[in-house]
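Undergrad: model the structure of this input:
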Amino acid sequence: MRDISLVKFLPIEPRVPFISGRKIAAILSVLAVIASVFLFFTKDLNYGIDFTGGTVLEIDTGSDPTDDDINKYRALMNSLNLGNVGIQTIKAPCSDDERANDTCADKYNFLRITIPIQEETVERENELTRLLLNSLDELEGDNFVIESTNTNDRGFTSVMVRHGNEPLAEEFITTEAVTTETGSVDAAPGEEDDEKEDPKITEIQKVINSLGLNNADVTKRGENLAEILYQEKEEASATVQQLALGDAKLALAKETGSFGINSQSVLGSKVSGELRRKGIMAVVLALFMVLAYIWFRFEWQFALGAVVALFHDVILTIGVFSLTQLEFNLSIIAAILTIVGYSLNDTVIVYDRIRENMRKYKKMPMKELINLSINDTLSRTIMTSFTTLMALLALYLLGGPGLEGFAFAMIWGVFIGTYSSIFVASPLLLFFKLRNVRSGEDAGELATS
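TA: Next up, the predicted model:
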């Protein structure tokens, strides 16, 4: 049978002079590391909500947003005084049936709105609450009309709303990322049972809870008349992020009439700060555990070479994300840890062959021995990298926006991990004078056993 495998195209005994280019590679690596550090301190990273906190809202406006639409929505969000709100278009996910029917190209883009974390103070929370209460008449699905708003000296605000009997807009009735902390407010005399039995009051209560107004109660006050009673807080809470989301949704309802919510997520400052600390700790601990592992398995020169190569990979990955300004979130931390494992695996394969050849060729000059070891593992390196890249390219092209950053980081990691195993980790053994340490002789000979 004819051999049609691709392996036959790889050289059986390659003799590529990798070590001869070690000085050029060292210069390029040093320049790349310096550039990455410079980019990090000047441009910083485009941190996602996982690390900055805040709110991400993805909406479907029913059509493909134009540049004018994006500018209009940006001006609308800026009018709410929510900070530097980011607005961008994202690709709509494509189902298997749509791919089979080749209709993915007909799908329009969605809008992603990123609201920065709000200051968790009493003043800011009460300010956003007042803005939300004054915007309730944007619930056009039920023709809400605010008839009066009064605040007494005890901090209670009463909003009387006239409503119809139509269902409220579905986008406002959602429990996603909402914690209900509704306070207890007595109903008006004789109307407690009516409130319990009136589905309209329950519906309104769900709406204001979904908008972030969790400590307000809705009471029926007459035919198509309801009172929303809210007490201003004396202590700040993470609810301020929910209120900012609610204000944004009401403003969008006023501008678009109706829209669909694909996803929404809210993260407070404490949680995001903790995630950032744990992410950094995970990367640092992984690098030091690698140092201990290689030191235990080989010798200290191998351990230092491997860890320097891994630091090189991590710094360059951060530099690429700083340059491209792709979103840096928890999935990228997972990608960096995976890159560390992938690069380490490549490095250990080469190191193991170097150690094996040191026993086999006791008088071979160290440069030739390292170059021989790299070439011995070259076919394995090429095949592993190629098959990994095929899977990652499929993930990048078909995985959607949620996996795009992770897949990009991993594709970069395959290239940089392979490069560092050959041009960083291996030549460093010469720099650390591995053979001189083992034998006490010059670098051209290995001591006899």
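Undergrad: which residue is nearest the middle of the protein?
TA: With distances taken as Cα atoms, centre = their mean, the chain has N329 as the residue nearest its mean C-alpha position (2.6 Å).
Undergrad: apart from its neighbours in sequence, what residue is nearest that one?
TA: Closest residue to N329 apart from its sequence neighbours, by Cβ to Cβ, 6 or more residues apart in numbering: G48 at 3.3 Å. Yep, even glycine has a C-beta here, placed from its N, CA and C like the rest.
Undergrad: for F328, same thing?
TA: With Cβ to Cβ, 6+ apart as the criterion, F328 has its nearest non-adjacent residue at 4.3 Å, and that residue is L45.
Undergrad: so which bits of the host helix or strand of E274 are buried?
TA: Secondary structure assignment for E274, by DSSP states H and E: helix 269-297. By neighbour count on 16 or more other Cβ atoms under 10 Å, the buried set for helix 269-297 is 269, 272, 275-276, 279, 282-283, 286-287, 290-291, 294-295.
Undergrad: what about it, average pLDDT?
TA: Averaged across helix 269-297, pLDDT comes to 77.
Undergrad: ok, stretch 218-226 next?
TA: What stretch 218-226 shows for mean pLDDT is 81.
Undergrad: gap between that stretch and the chain center?
TA: Taking Cα atoms, centre = their mean, to the nearest Å, the mean C-alpha location of stretch 218-226 is offset from the chain mean by 44 Å.
Undergrad: re the thing from before, and the helix holding E274, how far from the chain's centre?
TA: Relative to its parent chain, helix 269-297 has a centroid offset of 17 Å by Cα atoms, centre = their mean.
Undergrad: got the buried residues for the helix or strand following it?
TA: Proceeding C-terminally, helix 269-297 gives way to helix 300-324 as the next helix or strand, assigned by DSSP H and E. Under the neighbour-count criterion of 16+ other Cβ under 10 Å, helix 300-324 has 301-310, 312-322 buried.
Undergrad: give me the element G405 is part of.
TA: Counting by DSSP H and E, G405 is part of helix 401-420.
Undergrad: show me what that helix packs onto, helices and strands only.
TA: For helix 401-420, the helices and strands in contact under the criterion 3 or more Cβ pairs under 8 Å, 6 or more residues apart in numbering; DSSP states H and E are helix 300-324, helix 330-360, helix 378-398.
Undergrad: looking at these, which is closest to R22?
TA: Judged by Cβ to Cβ, the one of the helices and strands packed on helix 401-420 that comes nearest to R22 is helix 300-324, at 12.4 Å.
Undergrad: average pLDDT across that closest one?
TA: Rounded to a whole number, the mean pLDDT of helix 300-324 is 90.
Undergrad: and it, what does it pack onto?
TA: Based on contacts counted as 3+ Cβ pairs under 8 Å, 6+ apart, the elements that helix 300-324 packs against are helix 22-42, helix 269-297, helix 330-360, helix 401-420, helix 426-431, helix 434-439.
Undergrad: swap in 10 Å and give it another go.
TA: Applying 3 or more Cβ pairs under 10 Å, 6 or more residues apart in numbering; DSSP states H and E, one finds that helix 300-324 contacts helix 22-42, strand 46-47, helix 269-297, strand 327-328, helix 330-360, helix 401-420, helix 426-431, helix 434-439.
Undergrad: out of those, which gets nearest to F259?
TA: Ranking the helices and strands packed on helix 300-324 by their distance to F259 (criterion: Cβ to Cβ) puts helix 401-420 first, at 18.6 Å.
Undergrad: how about the residue nearest to F328, phi and psi?
TA: L45 adopts backbone torsions of phi -100, psi 150, taken as degrees, to the nearest 10.
Undergrad: wait, it sits on I333?
TA: No. Applying Cβ atoms under 10 Å as the test, L45 and I333 come out as separate, 11.4 Å apart.
Undergrad: between these two, who's got more neighbours?
TA: Comparing L45 with I333 by neighbour count (other Cβ atoms under 10 Å), the higher total belongs to I333, at 21 against 18.
Undergrad: grab the nearest non-local neighbour of that one.
TA: Distance criterion Cβ to Cβ, 6+ apart; nearest residue to I333, sequence neighbours excluded, is G279 at 4.3 Å.
Undergrad: thought Q242 was touching S265?
TA: No. Taking contacts as Cβ under 10 Å, Q242 lies outside contact range of S265: 11.3 Å.
Undergrad: name the residue in those two with the higher neighbour count.
TA: Counted by other Cβ under 10 Å, Q242 and S265 do not tie: Q242 has more neighbours, with 27 against 14.
Undergrad: could you check the angle the helix or strand hosting that one makes with helix 269-297?
TA: For Q242, the host element (DSSP H and E) is helix 239-256. Note on geometry: by axes from the mean of the first three to the mean of the last three Cα atoms, to 10 degrees, helix 239-256 and helix 269-297 are set 110 degrees apart in direction.
Undergrad: tell me the helices and strands packed up against helix 239-256.
TA: When contacts are defined as 3+ Cβ pairs under 10 Å, 6+ apart, helix 239-256 sits against strand 54-60, helix 67-78, strand 110-116, helix 122-134, helix 199-210, strand 260-267.
Undergrad: 7 Å instead, please
TA: Under the contact criterion of 3 or more Cβ pairs under 7 Å, 6 or more residues apart in numbering; DSSP states H and E, helix 239-256 touches strand 54-60, helix 67-78, strand 110-116, helix 122-134, strand 260-267.
Undergrad: got JSON lines for those, with distance to A216 too?
TA: Compiled in JSON lines, the helices and strands packed on helix 239-256 are given as follows (distance: least, Cβ to Cβ, whole Å):
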{"stretch": "strand 54-60", "distance to A216": "20"}
{"stretch": "helix 67-78", "distance to A216": "24"}
{"stretch": "strand 110-116", "distance to A216": "21"}
{"stretch": "helix 122-134", "distance to A216": "8"}
{"stretch": "strand 260-267", "distance to A216": "18"}
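Undergrad: one step back: what separates the helix holding G405 from the chain centre, distance-wise?
TA: Relative to its parent chain, helix 401-420 has a centroid offset of 14 Å by Cα atoms, centre = their mean.
Undergrad: give me the residues contacting it.
TA: The contact list for helix 401-420, computed with Cβ atoms under 7 Å, 6 or more residues apart in numbering, reads 90-91, 309, 312-313, 316-317, 320, 326-327, 329, 331-332, 334-336, 338-339, 342-343, 346, 381, 385, 388-389, 392, 395-396, 399.
Undergrad: buried among those? Need that as a selection in PyMOL.
TA: Selection of the buried residues among the contacts of helix 401-420 in PyMOL, burial being defined by 16+ other Cβ under 10 Å:
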select buried, resi 309+312+313+316+317+320+326+327+329+331+332+335+336+339+342+343+346+381+385+388+392+395+396
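Undergrad: gap between L128 and L304?
TA: According to Cβ to Cβ, to the nearest Å, L128 and L304 sit 53 Å apart.
Undergrad: quick one: list the elements packing against the helix holding E274.
TA: For helix 269-297, the elements it packs on are helix 49-52, helix 300-324, helix 330-360, judged by 3+ Cβ pairs under 7 Å, 6+ apart.
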